[in-house]
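Colleague: Fold the following and give me the result.
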Amino acid sequence: QVQLVESGGGSVQAGGSLRLSCVASGIIFGINNMGWYRQAPGKQRELVAGITWRGNTNYADSVKGRFTISRDNAKNTVYLQMNSLKAEDTAVYYCNARGFDFDYETLRGSWGQGTQVIVSS
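Modeller: You can find the predicted model right below:
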């Protein structure tokens, strides 16, 4: 079965950085489009960044220029480098594997358990 295991969350002050990692198993990682989503308390889950199996990326407007998504197919791992963090980035961050689907606005595919990010101002 598909397993996505996130790590790297934690507490940081505003302006700081964190790097999230997600290791995938049970899928052919190299042909899966991957994404990072987040969900803040009382809010819907939203896309943060996506990367296709070809390496094409897209970002939510709120994180453009601050966050970078990347992947290492040899390690079955997708990363999210988060810089210049703001209090509004506080949320649980989820890794997503979605096959060839690139409609990132639709919540589908497999999900990790999530990792908490807390940014204090």
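Colleague: ok, Thr68 touching Ile51?
Modeller: No. Assessed by CB atoms under 8 Å, Thr68 is found out of contact with Ile51, at 9.9 Å. Every C-beta, even on glycine, is put in place using the N, C-alpha and C of the backbone.
Colleague: quick one, which of these two is more surrounded?
Modeller: Comparing Thr68 with Ile51 by other CB atoms under 10 Å, the one with more neighbours is Ile51, at 23 against 16.
Colleague: doesn't Gly30 make contact with that one?
Modeller: No. Between Ile51 and Gly30 there is no contact under CB under 8 Å: 11.9 Å.
Colleague: Can you say which helix or strand has Asp103 in it?
Modeller: Taking DSSP states H and E as the criterion, no element holds Asp103; it sits outside all helices and strands.
Colleague: got the phi/psi numbers for it?
Modeller: phi -80, psi 80 (degrees, to the nearest 10).
Colleague: now it: how far from Ile69?
Modeller: As judged by CB to CB, to the nearest Å, Asp103 and Ile69 stand 17 Å apart.
Colleague: Neighbour count: the two, which is higher?
Modeller: Ile69 (22 against 10).
Colleague: That's all I had, so thanks and see you.
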